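Enquirer: quick one, what's the 3D model for this:
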Amino acid sequence: MISQPTDTSGAGDFTPADSGAASPSPVARGYQSDAERAEALRRVNHRTRLRLGWLWEWAKVMQIAVALFLLVRAFLVEAYKIPSGSMERTLLVGDFLLVNKLVYGAEVPFTGRRLPALRDPAHGDVVVFQWPEDPTKNFVKRLVGVAGDTLAMRDGTLYVNGRPQREQYVTHTEPGVDPAFEEFRWQRDYVVRTAAAQPRAVGAATGPLAGTMQDDRALASATVGTAVRGGALRDPSDHPSRNNWGPLIVPERSLFVLGDNRDNSLDSRYWGFVPDSLLRGRPMFVYYSYAPDAPHRFAWLSAIRWSRLGERVR
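Expert: Here you go, the predicted structure:
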């Protein structure tokens, strides 16, 4: 029998690695001791926590800032820009306004409810409201009539409850022109036609519209006369025009507004009364203004109207 040769030199022996052998010493890794290695790890973890902590604090500050902005915008003040000249001389194209939303009772978003008003809208207030024809658009006009008022205009002069108004803020760019657009026809449904429909405080009223309100035709001819245009007599109640219309009675929970630039304003004469639920607020002051028609490239920087900054809206 032939036996296998036995290797006694040990050259073929294989000793597996001991799984419990010690890891390289801290010196081999560049640390003087285990304590030094632990301190390095602590510093790395601390820097990571600092970065994450700063991001978290920044996120909290931003959340608070956004919440405060939305709160202020919804209930206190909101910024608006004037895009047209319907309120010149009071407001100019390129004016930026801060509007007080609390004064008439700010609307609570998504509820349709309003906060209690600080006061009711008053004659002469400049107001911001949603356009009844398209509530996504905001208009700014002057309030000239509230619920129950009797309004009329004769040759550009406004009468409220029989009294002619001295409106020093009004401007007329076309004093000799009095167009009668089809948009004015809505007024015929609101013209005063009975003696029961009388203006407020009629006994104290003075001027051409004073006294007991009569049939609209008699009123137009007997109290203020008919408007004369092109040599023909015209009854303002049946043929309302831009400068001759009424008398009208403002319905409940409604407002009547006009632009200060009477010959260049799309206002209640054209599209009717404004429901008081559409009021957004009252402008407080002009916080920025520039001339958008300036020939400069950056008019918002080079054409600032410095004299208008901070001007109160009256």
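Enquirer: quick one, strands of the stretch 101-250 of the chain?
Expert: Secondary structure of the stretch 101-250 of the chain (DSSP state E, counting those that start in this stretch): strands at 126-131, 134-145, 150-154, 157-160, 163-164, 227-229, 232-234, 245-249.
Enquirer: for Arg282, which of those is the nearest?
Expert: strand 126-131 (5.8 Å; Cβ to Cβ). Using the backbone N, CA and C atoms, a C-beta is placed for each residue, glycine as well.
Enquirer: got the CA positions of that closest one in CSV?
Expert: Taking Å, rounded to 0.1, in the frame of the first residue of the first chain, the C-alpha atoms of strand 126-131 are listed here in CSV:
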residue,chain,number,x,y,z
VAL,A,126,-62.6,107.3,-1.9
VAL,A,127,-63.3,103.5,-1.9
VAL,A,128,-61.9,100.4,-3.5
PHE,A,129,-64.4,97.8,-4.5
GLN,A,130,-64.9,94.8,-6.8
TRP,A,131,-66.4,95.7,-10.1
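Enquirer: where does the protein have low pLDDT?
Expert: In the predicted model, the chain carries pLDDT under 70 at residues 1-32, 36-37, 39-41, 44-52, 193-235, 237.
Enquirer: which parts of stretch 152-166 are buried?
Expert: 152-154, 156-165 (16 or more other Cβ atoms under 10 Å).
Enquirer: quick check: domain ranges of this protein?
Expert: 31-75, 76-147+256-314, 149-249 (automatic domain parsing).
Enquirer: could you dump the buried residues of stretch 152-166 to CSV with distance to Pro175?
Expert: CSV is the format used below for those (distance: Cβ to Cβ, whole Å):
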residue, distance to Pro175
Ala152, 19
Met153, 14
Arg154, 14
Gly156, 7
Thr157, 12
Leu158, 15
Tyr159, 18
Val160, 21
Asn161, 25
Gly162, 24
Arg163, 22
Pro164, 17
Gln165, 17
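Enquirer: next, give me the two most distant ones among the residues you listed.
Expert: The span of the buried residues of stretch 152-166, defined through Cβ to Cβ, is set by Gly156 and Asn161 at 18.3 Å.
Enquirer: nearest spatial neighbour of the one residue sitting closest to the centre of the chain, skipping sequence neighbours?
Expert: Averaging the C-alpha coordinates of the chain gives a centre point, and the residue nearest to it by Cα atoms, centre = their mean is Tyr80 (5.0 Å). Sequence neighbours aside, Leu97 is the residue nearest to Tyr80 in space, at 4.9 Å (criterion: Cβ to Cβ, 6 or more residues apart in numbering).
Enquirer: before we move on, what about Pro240?
Expert: The nearest residue in space to Pro240 (Cβ to Cβ, 6+ apart) is Phe184, at 4.1 Å.
Enquirer: alpha carbons only: can I get stretch 164-172 in CSV?
Expert: C-alpha atoms of stretch 164-172 as CSV (Å, rounded to 0.1, in the frame of the first residue of the first chain):
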residue,chain,number,x,y,z
PRO,A,164,-76.0,120.7,-5.6
GLN,A,165,-72.6,119.5,-4.6
ARG,A,166,-69.5,121.6,-4.6
GLU,A,167,-66.9,119.0,-5.6
GLN,A,168,-63.6,120.8,-5.7
TYR,A,169,-61.8,117.5,-6.5
VAL,A,170,-63.7,117.0,-9.8
THR,A,171,-62.2,117.8,-13.2
HIS,A,172,-63.8,118.0,-16.6
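Enquirer: what's around Lys253, how many residues?
Expert: Actually, residue 253 is Arg rather than Lys. Residues near Arg253, counting by other Cβ atoms under 10 Å, number 11.
Enquirer: now the one 3 residues further on
Expert: The burial count assigned to Phe256 is 25, neighbours taken as other Cβ under 10 Å.
Enquirer: specify the beta-bridge partners of it.
Expert: Counting by DSSP bridges, Phe256 forms beta bridges with Gly145.
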